[in-house]
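1. here is a sequence together with a model predicted from it:
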Amino acid sequence: MRHAARAPSPDLFGKESLLFGKENLADLREEAAHCRACHLYKDATQTVFGEGAVHAPIMLVGEQPGDKEDLAGQPFVGPAGQVLDRGLGEAKIPRNKVYITNAVKHFKFVRRGKIRLHQKPNTSEIRACRQWYERELVTVKPALVVAMGATAAQCVFGKITPIGKNRGHLLDLTEDTKALVTVHPSYLLRLPDQESKEREYKQFVSDLKLAASYLRKA
Ligand code: URA
């Protein structure tokens, strides 16, 4: 069996965990709205918490909200969200089967004139925010977590988990939950030429199709 990556603290997710199934998403969202676990809340408009079906079989994890998401208060409503929606459609994964969240729940950026330029969250910010992902995970209890991009993979597995080496097959996350890693939809938008855009997008959809086929069997 290849790459059976494990989360570092499986107890936290296990059925014996104090958190297991005891919280609800509305309370978590409310608590996260006041999160001060790192400095990112100071410049962001608001916490962008996860959203979707309460017991969705798939949890999709992105990096952090972008400019549009920060203003709207919802994950994946900007350009990356459009790519994601298209990919989900092609993989025949209905939105009501999905819970979407981010590794980091505040927008990190630098100002350049009127523009707010996205900045990648660092390890201490990812760690500070991880409690929310962990609590979303035990509350939603998805059969499958899809980590999109390096930051999401670091959050989901609790350590740096390269996408290239780990994509294309299911990984063990907890006793009841598998994981898949794939690229982040924003990466597809940043590719310089049409040929690589098409090639990488196909590969992204094929990862999502693998998720869909696992869920059909599960
Ligand atoms: N990129 C992300 O990782 N998350 C969002 O919500 C939007 C863009």
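-> Noted; the coordinates are in hand.

2. which strand or helix spans residue 30?
-> helix 25-32 (DSSP states H and E).

3. quick one: mean pLDDT for that helix?
-> The average pLDDT within helix 25-32 is 97.

4. next: stretch 115-123.
-> Average pLDDT, stretch 115-123: 98.

5. same check on stretch 76-89?
-> Computed over stretch 76-89, the average pLDDT equals 98.

6. report the buried residues of that stretch.
-> Under the neighbour-count criterion of 16 or more other CB atoms under 10 Å, stretch 76-89 has 76, 77, 78, 80, 81, 83, 84, 87, 88 buried. Using the backbone N, CA and C atoms, a C-beta is placed for each residue, glycine as well.

7. so what's whichever residue of the chain sits closest to the ligand bridging to?
-> The nearest approach of the chain to the ligand comes at residue 62, 2.8 Å away (CB to the nearest ligand atom). Bridge pairing for residue 62 (DSSP bridges) gives the partners residue 102.

8. what packs against the longest helix seen in the chain?
-> Ranked by residue count, the top helix of the chain under DSSP state H comes out as helix 194-217. If you count contacts as 3 or more CB pairs under 8 Å, 6 or more residues apart in numbering; DSSP states H and E, helix 194-217 packs onto helix 79-90, strand 144-148, strand 178-182, helix 185-190.

9. pick out the residue nearest the middle of this protein.
-> residue 61 (0.8 Å; CA atoms, centre = their mean).

10. close to the ligand, is stretch 136-143?
-> No. Contact of stretch 136-143 with the ligand (CB under 6 Å from any ligand atom) is absent, the minimum separation being 13.9 Å.

11. would you mark the buried spots in that stretch?
-> If you call a residue buried by 16+ other CB under 10 Å, then stretch 136-143 has these buried ones: 136, 137, 138, 139, 140, 141, 142, 143.

12. if we can go back for a sec, from the buried residues of stretch 76-89, list the ones also adjacent to the ligand.
-> Within those, those near the ligand by CB under 6 Å from any ligand atom are 76, 78, 80.

13. mind listing what the nearest residue to the second one once chain neighbours are set aside touches?
-> Closest residue in space to residue 78, ignoring its immediate chain neighbours: residue 68 at 3.3 Å, by CB to CB, 6 or more residues apart in numbering. Shown here is residue 68, whose contacts under the criterion CB atoms under 8 Å, 6 or more residues apart in numbering are 77, 78, 79, 81.

14. residue 68 and residue 80, how far apart?
-> In this view, residue 68 and residue 80 are 9 Å apart by CB to CB, to the nearest Å.

15. any idea how many residues pack against residue 53?
-> Other residues within reach of residue 53, judged by other CB atoms under 10 Å, total 17.

16. where does the residue lying closest to it once chain neighbours are set aside land in three-state SS?
-> Once flanking residues are discounted, residue 53 sits nearest to residue 96: 5.4 Å by CB to CB, 6+ apart. Three-state call for residue 96 (DSSP: H, G, I helix; E, B strand; the rest coil): helix.

17. now do residue 96, the pLDDT please.
-> 85.

18. same check on residue 154?
-> So, for residue 154, pLDDT stands at 98.

19. that one: helix or strand, and which one exactly?
-> Going by DSSP H and E, residue 154 is part of helix 150-157.

20. do the same with residue 110
-> Using DSSP H and E, residue 110 sits in strand 109-112.

21. that strand close to the ligand?
-> No. Using CB under 6 Å from any ligand atom, strand 109-112 never reaches the ligand; the gap is at least 12.0 Å.
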